[in-house]
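Chemist: mind looking at a prediction? Sequence and model below.
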Amino acid sequence: MSRRDEMSNTPGTKRTQDAHDAKRANRTKSAPATAAAWPSLPLSHPASLAVAAVATLCVLFSVTFQIHEPDFWQHLTVGREIWRAHAIPTTQIWTWPTYGAPDVNSSWGFRTILYPFWAAAGVWGLFAWRWLVGLGAFALLVGTARRMGVRGLAPYLVAVISALAWRERSQIRPETWVAILIALELWILETRRHGGRDHSPWLVAIAWVWANSHISYHLGFAILGAYGLDAWVHDRRPPWKLIGIGVLGLAASFANPFGWRALWWPFDFALHQRHEPIYVTIGELEPPRWSENLWNGAPLLVFGWPLLLIARARKAGIDIAEAIIAALFVTFTLMSVRFLGLLAIVATPFLARDAEDVMGPLLRRPALAAPWTRAALTIAACIALGIPVWRSMHPGVGIEWRYYPVRAADFMAEHGVRGRGYNTFSQGGYLLWRFFPERDRLPFMDIHQAGTPQIRRLYTFSLEKPEYWRELDQKFRFEWALLARLTFAADRLPDIIEADSSWALVFQDDAAMLFVRRDGPLRGIAERFGYRVVPAGNQKLGTIAPALGRDPALRAAFRAELERTTRESPYTAQAHTLLANLALVEGRIGDARAELGLALAANPWDEQLRKQVTEMAQRTER
């Protein structure tokens, strides 16, 4: 009896498409399940329903946190334009340096689906998307585990753990749609492998949708190939049907607005673009930082899954499909944390089955035999494992506006700031949302780092070295520059631009800093709104700090400009913190405490601010 015979207890299919399907079905009819070592619990049992309900709530809560990533504004902009024009843009219309050049937009399908959610319900629509794809994907994965013969409560616990790892990738990105596609592909392939009705022709449609939704389409073919090799080894004949479906799926993938270029894009990125300096600075393309992923289930997925796979293989034989998929996705995740979310999705049904097979003997003990005992333990585990992650997130339905240049864009709109602009690429999506299709307010670089290799190179090095900024500025002659306040530690561009007397800082808050050129068409704005005392960069702030303690007139001017900052934007925790420091210098303890309170209200998640407020309260009491 083969390994798949041993682990399957699903009745064989009554409809046979060919002799191979009939042979597979006949083997499956009489096959016992290895997962039977885990005490069975019907889906309709109240204890099972209780665990399912708690797991559902845990998954929902894990993905219900404030939106803070920058990409979704561009996704919405592109979706809005597709619905407006009833056409898919195939040229670069999102940034001005390469406007009109050929473009590849593999995510157009996702963006087209996403925009109606926003149009119908705004922020609630975006969260409805997160809830639907999260619950839909994990419901399919739990169903897949049941197809694989899992009859206990392990799928619910594993789904909760996987959702904790997938949580950060549940931001409004094409990967969320890919989670559904992977889950559906696994359900189809496992149903087929265990003798159920063969839905594999639908994989052709999945391949087409995937190629028109995300750059990761090739992973679908990798999963299909893993199951094909598994069938070939165990049936000792080529799986012609799966091979044919793979060929048809690849052919269907060419049916996209960009042709072969869209299919070549992930390989071109891996072979050529991946090692460009700009991509080295992007955190999600780096390997996982385990100090940041210790409690979110990532170690179980990356290290625990292979160990469970090996332990199960010693009992029931190697699952070739699982081994290939695990090796592929674990390797990708170790190379780039971006793959952690996809790993969480693809691992869920296998982890559930392997856990039941390996740990089944433990649950045969009389003390754990009662359904409600097992249910209570599973529920407690779901909640206990989630608490460390839930405590660190910002729960609720909403957008963390302090991360986006909302007020800076307001300033640009109110005062006519336009022309050739420069921007931190993370700000590009919001600029598009606010100003597209205005050509003279398009971003210099969008969220996908659009542009030539030379542009990306100059952009990256200009963040740290003045000579590269000068070269970039001479090449494009910028009229305005919008810089993100929160970037990486080596970013010195605010100091670099501030040291150049041809630029004036005219707006700043916690999200962004806006500079305009003093000697161009925006000269009047520079003269009227230019900051004269409060700096944008940390270098000048460190230089001016000692003088503030000695010069009352300088402190007054500094305070006046900070108060202007707080009037122009509600996202000014930094300005309120500096005002608190000025108050301390002048011995106004009560005012310092009030300013810190306002800073904390502007940024309620800042632990350092919380600590300062607590210390200030204690100091006031003394």
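Modeler: Arrived safely.
Chemist: skip the chain neighbours and tell me the closest residue to residue 446.
Modeler: Leaving aside its chain neighbours, residue 446 sits nearest to residue 428 (3.9 Å; criterion: Cβ to Cβ, 6 or more residues apart in numbering). C-beta: built from backbone N, CA, C; applies to glycine.
Chemist: list the contacts of residue 99.
Modeler: 92-93, 439, 442 (Cβ atoms under 8 Å, 6 or more residues apart in numbering).
Chemist: same question, residue 519
Modeler: By Cβ under 8 Å, 6+ apart, the contact list for residue 519 reads residue 502.
Chemist: that one should be in a helix, yeah?
Modeler: No - secondary structure assignment places residue 519 outside any helix; it is coil (DSSP: H, G, I helix; E, B strand; the rest coil).
Chemist: of the contacts of residue 99, which pair is most distant in space?
Modeler: Pairwise distances across these peak at 12.2 Å for 92 and 439 (criterion: Cβ to Cβ).
Chemist: the two: which is more packed in?
Modeler: Between residue 92 and residue 439, residue 92 has the larger neighbour count (other Cβ atoms under 10 Å), namely 20 against 11.
Chemist: quick one: the more buried one from residue 80, how far?
Modeler: Going from residue 92 to residue 80 by Cβ to Cβ, to the nearest Å gives 17 Å.
Chemist: now do residue 550
Modeler: For residue 550, the distance to residue 80 - Cβ to Cβ - is 54 Å.
Chemist: looking at these two, which one has more neighbours?
Modeler: Taking other Cβ under 10 Å, residue 550 and residue 80 do not tie; residue 80 has more neighbours (19 against 9).
Chemist: I'd say the more buried one and residue 115 touch.
Modeler: Yes - between residue 80 and residue 115 there is a contact at 5.5 Å, judged by Cβ atoms under 8 Å.
Chemist: give me the number of residues near residue 365?
Modeler: For residue 365, using other Cβ under 10 Å, the count is 9.
Chemist: on the three-state scheme, residue 507 is what?
Modeler: Residue 507 ends up strand, using three-state DSSP.
Chemist: isn't it right next to residue 516, touching?
Modeler: No - using Cβ under 8 Å, residue 507 is not in contact with residue 516, being 9.1 Å away.
Chemist: list the contacts for residue 616?
Modeler: Listed by Cβ under 8 Å, 6+ apart, the contact partners of residue 616 are 580, 589, 592-593, 596.
Chemist: redo these as JSON lines? Include secondary structure, pLDDT and neighbour count.
Modeler: Converted to JSON lines, the contacts of residue 616 look like this (DSSP: H, G, I helix; E, B strand; the rest coil; pLDDT from 0 to 100; neighbours: other Cβ atoms under 10 Å):
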{"residue": "580", "secondary structure": "helix", "pLDDT": "93", "neighbour count": "25"}
{"residue": "589", "secondary structure": "helix", "pLDDT": "89", "neighbour count": "15"}
{"residue": "592", "secondary structure": "helix", "pLDDT": "91", "neighbour count": "23"}
{"residue": "593", "secondary structure": "helix", "pLDDT": "91", "neighbour count": "18"}
{"residue": "596", "secondary structure": "helix", "pLDDT": "92", "neighbour count": "26"}
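Chemist: now, which of the residues you listed sits nearest residue 389?
Modeler: When the contacts of residue 616 are compared for distance to residue 389 (Cβ to Cβ), residue 596 wins out at 28.7 Å.
Chemist: can you pull up the most central residue in the chain?
Modeler: residue 169 (3.2 Å; Cα atoms, centre = their mean).
Chemist: list the contacts of that one.
Modeler: The neighbours of residue 169, taking Cβ under 8 Å, 6+ apart as the test, are 175-176, 338, 340-342, 344.
Chemist: and if we set it to 7 Å?
Modeler: Going by Cβ atoms under 7 Å, 6 or more residues apart in numbering, residue 169 touches 175, 340-341.
Chemist: can you add neighbour count and distance to residue 574 and give these back as a markdown table?
Modeler: What follows is the contacts of residue 169, written out as a markdown table (neighbours: other Cβ atoms under 10 Å; distance: Cβ to Cβ, whole Å):
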| residue | neighbour count | distance to residue 574 |
| --- | --- | --- |
| 175 | 24 | 32 |
| 340 | 25 | 31 |
| 341 | 23 | 32 |
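Chemist: just send those residues back as CSV, with secondary structure and pLDDT too.
Modeler: Formatted as CSV, these follow (DSSP: H, G, I helix; E, B strand; the rest coil; pLDDT from 0 to 100):
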residue, secondary structure, pLDDT
175, helix, 94
340, helix, 95
341, helix, 95
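Chemist: strands along the chain, start to end?
Modeler: 421-423, 480-484, 503-508, 512-517 (DSSP state E).
Chemist: can I get stretch 51-70 as PDB, trimmed to CA atoms?
Modeler: C-alpha atoms of stretch 51-70 as PDB (Å, rounded to 0.1, in the frame of the first residue of the first chain):
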ATOM      1  CA  VAL A  51     -13.200  26.100  18.200                       C
ATOM      2  CA  ALA A  52     -14.000  27.200  14.700                       C
ATOM      3  CA  ALA A  53     -15.800  30.300  16.000                       C
ATOM      4  CA  VAL A  54     -12.900  31.300  18.200                       C
ATOM      5  CA  ALA A  55     -10.400  30.600  15.400                       C
ATOM      6  CA  THR A  56     -12.500  32.800  13.100                       C
ATOM      7  CA  LEU A  57     -12.500  35.600  15.600                       C
ATOM      8  CA  CYS A  58      -8.700  35.300  16.100                       C
ATOM      9  CA  VAL A  59      -8.000  35.500  12.300                       C
ATOM     10  CA  LEU A  60     -10.300  38.500  12.000                       C
ATOM     11  CA  PHE A  61      -8.700  40.300  14.900                       C
ATOM     12  CA  SER A  62      -5.200  39.500  13.600                       C
ATOM     13  CA  VAL A  63      -5.900  41.400  10.400                       C
ATOM     14  CA  THR A  64      -7.900  44.300  12.000                       C
ATOM     15  CA  PHE A  65      -5.300  46.900  12.600                       C
ATOM     16  CA  GLN A  66      -4.600  50.400  11.300                       C
ATOM     17  CA  ILE A  67      -3.400  50.600   7.700                       C
ATOM     18  CA  HIS A  68       0.000  52.100   7.600                       C
ATOM     19  CA  GLU A  69       1.800  50.800   4.400                       C
ATOM     20  CA  PRO A  70       2.200  53.200   1.500                       C
END
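Chemist: list the buried residues in it.
Modeler: Within stretch 51-70, the residues that count as buried by 16 or more other Cβ atoms under 10 Å are 51-52, 54-56, 58-59, 61-70.
Chemist: next: stretch 398-413.
Modeler: For stretch 398-413, a neighbour-count test (16+ other Cβ under 10 Å) marks 399-409, 411-412 as buried.
Chemist: now do stretch 331-343
Modeler: Residues 332-333, 337-343 are the ones in stretch 331-343 that count as buried (16+ other Cβ under 10 Å).
Chemist: and what of stretch 217-230?
Modeler: 217-221, 223-230.
Chemist: ok, now stretch 492-502?
Modeler: 492-498.
Chemist: please convert those residues to JSON lines, extending it with pLDDT and distance to residue 197.
Modeler: As requested, those are arranged in JSON lines below (pLDDT from 0 to 100; distance: Cβ to Cβ, whole Å):
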{"residue": "492", "pLDDT": "90", "distance to residue 197": "61"}
{"residue": "493", "pLDDT": "94", "distance to residue 197": "59"}
{"residue": "494", "pLDDT": "93", "distance to residue 197": "61"}
{"residue": "495", "pLDDT": "93", "distance to residue 197": "65"}
{"residue": "496", "pLDDT": "94", "distance to residue 197": "64"}
{"residue": "497", "pLDDT": "95", "distance to residue 197": "63"}
{"residue": "498", "pLDDT": "92", "distance to residue 197": "67"}
